[in-house]
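Chemist: Here you go, sequence then predicted model.
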Amino acid sequence: MRHYIYILGLLILLCGCEEDDLKNSRFKGAWTIEQTLANDSWGGPFYWRDVDWDKQIKFTSDEYYEKTSTDFELIGIYRVISDNKIEITWASPIHPQHPTFQLDYEFDNERRLTLYKNQTEGIIAEKYMLTNKTN
């Protein structure tokens, strides 16, 4: 009987890990920005606009990177905390009392990823297209 309890515990552990891997697999790869949701002046209306700069981000199974002028730089570790929110833990926090931040996200029907910033003016969201899928 004791063996069955251990086996059941092991199965629960394995299933939990696979669920996290499935959630993270949607993010894995390199993404290139296509559009931003922003306003032109304080209090002005927000609208989507195409961008002409080449910002790129990359997700591995648990790390989040942003492209610098030459290569990807580690920003931190991420985890999916709900169907529309991720949490990122800074690799090198500027303010040690705030080691994490959260972003809302969504995937559209064309597999574009939209990340919503935690602000109410300027650029409030960025839309990315997957440019290099990784396993």
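Modeler: Arrived safely, thanks for sending.
Chemist: all contacts plus neighbour counts: C-alpha atoms, from now on.
Modeler: Will do.
Chemist: Just want to check the distance between residue 47 and residue 134.
Modeler: 31 Å (C-alpha to C-alpha, to the nearest Å).
Chemist: ditto for residue 109
Modeler: From residue 109 to residue 134 the distance is 20 Å (C-alpha to C-alpha).
Chemist: who's more crowded, these two?
Modeler: More crowded of residue 109 and residue 134, by other C-alpha atoms under 10 Å: residue 134, with 14 against 7.
Chemist: ok, that one touching residue 28?
Modeler: Yes - contact status for residue 134 versus residue 28: in contact at 5.7 Å, counting by C-alpha atoms under 8 Å.
Chemist: Mind listing the shared neighbours of these two?
Modeler: Residues within reach of residue 134 and of residue 28 at once, by C-alpha atoms under 8 Å, 6 or more residues apart in numbering, are residue 60.
Chemist: Next up, the contacts around the spatially most central residue of the chain.
Modeler: Centroid-nearest residue in the chain, with C-alpha atoms, centre = their mean: residue 86, separated by 5.9 Å. When contacts are counted by C-alpha under 8 Å, 6+ apart, residue 86 touches 78-80, 102-105.
Chemist: Show me what the helix or strand hosting residue 73 pairs with in its sheet, parallel or antiparallel.
Modeler: Using DSSP states H and E, residue 73 sits in strand 72-82. Strand 72-82 has its sheet partners listed here by DSSP bridges as strand 63-67 (antiparallel), strand 85-90 (antiparallel).
Chemist: No further queries at this time; thank you.
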